[in-house]
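Chemist: Below: sequence and its predicted model.
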Amino acid sequence: MTKNQQSTRTLIRGALSLLVTAALYEAVARSGWFPAVLLPTIPTIVEALIASLRDGTMIWHAAYTLYRVMFGFALAIVVGLPLGILMARHQRVEHFFLPLISALMPIPSFALVPLFMLWFGIGNVTTILIVFYAATFPMAFNTWSGVRSVNPLWLRAAGAMGADENSLFWKVIIPGASPFIITGMRQAFLRAWIGVVGAEMIAASDWGLGWVIFDAKEFLNADVMLAALVVIGFIGFAFERLVFGTLERRTVQRWGMVRVAKG
Amino acid sequence: MQPIAIRDVSLNYDTPGGKVQGVTNVSIDIDASEFVCIVGPSGCGKSTLLNIIAGFLTPATGQISIGGKPVTGHGMDRGVVFQDFAQLFPWRTALGNVSFGLEMKGVANPERDRIAREQLRLVKLEKFTNSFPHHLSGGMQQRVAIARALAYNPSVLLMDEPFAALDAMTRDDMQRLLADVWKETRKTVIYVTHNVAEAVYLADRVVVMSAHPGTVKTVMKIDLPRPRDPLSVEFLDCQKQLMAHLGHNTNGVAH
Amino acid sequence: MQDAVTISVAEAAGESRGAERWRLIWRNVFPFVVVGGLWEIVAWAGIFPQRLFPPLEQVAASFYQLTVSGILPHHAIETIFRLLSGFALAAVFGTIIGVLMGRSRRAEDILLPLVSIGAPIPGLAYAPLFLLWFGLGNFSSILLVGFVSAFPIIFNSWTGVKAVKEIWVRSAQSMGADDKRLFRYVILPGALPYILTGLRLGLAQAWRILVAVEMLAAVPWGLGWLIFGARKFLNTDAMLAGIVVIAIIGILLEKYVFQKIENYTVVRWGMTAK
């Protein structure tokens, strides 16, 4: 069998598997074995999705969630990146922060949600801080290992060509550590995305995709819930593939450095 | 182009930068625009000596001066080429790599670009200015490294077995190219190698080092006209002499 | 990831003189002393009400009380039970599905689209759906933890089986191995490093969402529920005691499970350079 035929077959099988799964779901949903509110049919879900997109509610929910996740994620980069670099460059900083990070990193971010709710109430501050907490450690940790793994030969070569501390840092260390830094961002975003959805469910405010799903549960609106799930999945997928995928393609992949980083 | 004076240089302990092969009481005088090869068995400290001259290591005793100025740390009067292909910055194109030293020197852009392109032409890579290192073969990467070391116009070129990791055919081409580049630029070159034929092909003088302690055993002048023919009787003769200095059995086949 | 403490231990072994050892221990303790001191200052300064920001001795007292009365251990045991049962589900089904996808082209074509669609949705987002379908309580939370941690296990087992070198398979076949033995002696050991990595990621994932699941699923016992319930009565000290236990379990998992597995796989891969 040629490679082309094989890949066509893969495509057909893939489409078939999706179709069959969807048809099975639809059949079960229509069979009446389960209440329709719990198991809405696919057209109902699509309708709910379109309706909520059209009247703008879903877009607002997504906008709130995106605002929180981007705010927290940006904070995490602003803190985590310099912290990782400082830790790798100065032993004192490393000695101070590494034990703290090792102790804090294994605490799931959700464990702090009730505490933050007490301190900061329900809403943006709590969710943003949870996202920040979830994303900072992977950022700092990966940056730290990235800077440490910069090939010493590059530093020597740059030094021989007269690079001072400043240009050594910006033109050698940062690009040299970039595979790890990008991996760190990816991981950080993944954690941030999980964190924001979870935090929105628990520290419920009136807006946000996590809140929609949880709120829909109370009112048995399974169609809205599934529609929100689709939006959450879509945004997560878009960031992973489009934003980080593009970033990686433009930088480390183009430079042939992708193998250096560990996933 | 500057003469180099190496006086009683010794270094016999491990530095924070890692373990080093010791050198003891090394003194060599090198003329301006001279091509000197340093050969010796592994463990004779030839790379250590080169790193001391480059300023990456500080000798315990003795001193080195280039054009009368004593060496303290690395400086832009020297260009360095290492053996490892990974020395190029993967995130910069060939042109970007060659421009780096000029950038550090503060040369502004139209000029910087012009010089870098010229250097790439010198090593016959003008077609690959915008390629990233991982798209270039090993030989091409080493040529970029040479162009990069020459670009900011140092008076001395230091080379640490730059062609050792290349296949035999490519290595021959590279030696020919280096001889041409040297003829054109007239840099003072110190070239570390363990390959006898390479030393005879390239050098005006060959410094033979011995191990335990790492020191200069003898200095041999190569008086062959350039361009040299590696198959000529005189060339093979020189090679035999050099191998004798290194303590090899000269009845065997020269390599 | 996470070799902070390992590094110090390795250093300590190298220079195992008594004074050096103490200096190292102090170096690792010092940051906590600083942070603890800051906490105390803020707590006693009265900037925040002490109910919301209790001093550490109060947290310690409540930790002690809850431990002696058996409440905290009970919560912890329930949480660990859920973690392990959810993870066990994921380990069994995840590995089977992943290996199947790696071995059979047909299974791969059919399952990969489904898995790829499910994976990018953060696991916790499924929580309300599971609660809706299976009700509040233990069953839902274990099922959800299992479901979410299955994804990394499936992906890694699948990649692992595909990464088994064709040469190994061919040479084993030419030496007379039948399908069963080929699987048992060549494919499984060859894919093992990847499968182990998958299990490590799966367990980490399970741990990360379990606390939140316990809060949402309203289970009667469990650390997540403890800290969530403590919020209602402003028992910040009990909440912090619960967080400490969560941290301890997390660190123990990290040190004694994840790192062990990682070292094992890294050694097997021969990636121990330097």
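Modeler: Good, I have the coordinates. Note that the coordinates shown come from a computational prediction; the quantities given were computed from them, not determined experimentally.

Chemist: For the rest of this, base every contact and every neighbour count on C-alpha atoms.
Modeler: OK.

Chemist: Next to chain A, which bits of the stretch 151-255 of chain B? Give me the list.
Modeler: Taking CA under 8 Å from any CA of the partner chain, the part of the stretch 151-255 of chain B that reaches chain A is made up of B:Tyr152.

Chemist: ok, now the stretch 101-250 of chain C?
Modeler: Counting by CA under 8 Å from any CA, the stretch 101-250 of chain C sits next to chain A at C:106, C:109-114, C:120-126, C:128-129, C:132-133, C:207-209, C:211-212, C:215-216, C:224, C:227-228, C:231, C:234, C:236, C:239-240, C:243, C:246-247, C:250.

Chemist: So which of those residues sit within helices?
Modeler: C:106, C:109-114, C:128-129, C:132-133, C:207-209, C:211-212, C:215-216, C:224, C:227-228, C:231, C:236, C:239-240, C:243, C:246-247, C:250 (DSSP state H).

Chemist: which of the residues you listed count as buried?
Modeler: The neighbour count (16 or more other CA atoms under 10 Å in any protein chain shown) marks C:109-113, C:128-129, C:132, C:207-209, C:211-212, C:215-216, C:224, C:227-228, C:231, C:236, C:239-240, C:243, C:246-247, C:250 as buried among those.

Chemist: what secondary structure does the most centrally placed residue in chain A sit in?
Modeler: Most central residue of chain A, judged by C-alpha distance to the mean C-alpha position with CA atoms, centre = their mean, is A:Leu190 at 2.3 Å. Secondary structure assignment for A:Leu190 (DSSP: H, G, I helix; E, B strand; the rest coil): helix.

Chemist: Where do the helices of the stretch 1-150 of chain C begin and end?
Modeler: For the stretch 1-150 of chain C, the helices defined by DSSP state H, counting those that start in this stretch occupy C:4-14, C:18-45, C:56-68, C:71-103, C:105-118, C:127-134, C:138-163.

Chemist: Let me have these in TSV, adding mean pLDDT and distance to B:Glu126 as columns.
Modeler: Output for the helices of the stretch 1-150 of chain C, formatted as TSV (pLDDT from 0 to 100; distance: least, CA to CA, whole Å):
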stretch	mean pLDDT	distance to B:Glu126
helix C:4-14	44	48
helix C:18-45	85	55
helix C:56-68	85	68
helix C:71-103	90	47
helix C:105-118	81	45
helix C:127-134	83	60
helix C:138-163	89	40
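
Chemist: what's the closest of those helices to chain B?
Modeler: helix C:4-14 (16.1 Å; CA to the nearest CA).

Chemist: For the stretch 101-250 of chain A, give the residue positioned nearest to chain B.
Modeler: Nearest residue of the stretch 101-250 of chain A to chain B: A:Met161, at 4.7 Å (CA to the nearest CA).

Chemist: in the stretch 151-255 of chain B, which spans are helices?
Modeler: In the stretch 151-255 of chain B, the helices defined using DSSP H, counting those that start in this stretch lie at B:168-185, B:196-202, B:233-246.

Chemist: Give me whichever of those helices is most buried.
Modeler: Most buried of the helices of the stretch 151-255 of chain B, by mean neighbour count (mean count of other CA atoms under 10 Å in any protein chain shown): helix B:196-202, with a mean of 22.

Chemist: Can you spell out the domain ranges of chain C, please?
Modeler: C:1-47, C:56-267 (automatic domain parsing).

Chemist: Let me have these in JSON lines, adding distance to chain B as columns.
Modeler: Shown next, in JSON lines, are these (distance: least, CA to the nearest CA, whole Å):
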{"stretch": "domain C:1-47", "distance to chain B": "16"}
{"stretch": "domain C:56-267", "distance to chain B": "24"}
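
Chemist: which one of these is the most hemmed in?
Modeler: Highest mean neighbour count among the domains of chain C (mean count of other CA under 10 Å): domain C:56-267, a mean of 20.

Chemist: Work out the gap between it and the centre of the chain.
Modeler: 6 Å (CA atoms, centre = their mean, to the nearest Å).

Chemist: Now the stretch 151-255 of chain B against chain C: closest residue?
Modeler: As assessed by CA to the nearest CA, chain C sits closest to B:Ala165 within the stretch 151-255 of chain B, at 20.4 Å.

Chemist: Not counting its neighbours along the chain, what's nearest that residue?
Modeler: B:Gln83 (7.0 Å; CA to CA, 6 or more residues apart in numbering or on different chains).

Chemist: Quick check: phi and psi at B:Cys37.
Modeler: Here is the backbone geometry of B:Cys37 (degrees, to the nearest 10): phi -100, psi 140.

Chemist: And it, how close does it get to chain A?
Modeler: From B:Cys37 across to chain A, the span is 20 Å (CA to the nearest CA, to the nearest Å).

Chemist: cool, and B:Thr170?
Modeler: The gap separating B:Thr170 from chain A is 23 Å, by CA to the nearest CA.

Chemist: And for C:Thr197?
Modeler: 11 Å.

Chemist: so the host helix or strand of that residue versus helix C:127-134, what angle?
Modeler: Per DSSP states H and E, C:Thr197 falls inside helix C:188-217. Angle, helix C:188-217 to helix C:127-134, by axes from the mean of the first three to the mean of the last three CA atoms, to 10 degrees: 80 degrees.

Chemist: Which other helices and strands does helix C:188-217 contact?
Modeler: helix A:174-202, helix C:71-103, helix C:127-134, helix C:138-163, helix C:223-232, helix C:259-268 (3 or more CA pairs under 8 Å, 6 or more residues apart in numbering or on different chains; DSSP states H and E).

Chemist: Can you name every helix or strand that the fourth one contacts?
Modeler: When you say that, I think you mean helix C:138-163. Judged by 3+ CA pairs under 8 Å, 6+ apart, helix C:138-163 is in contact with helix C:71-103, helix C:127-134, helix C:188-217.
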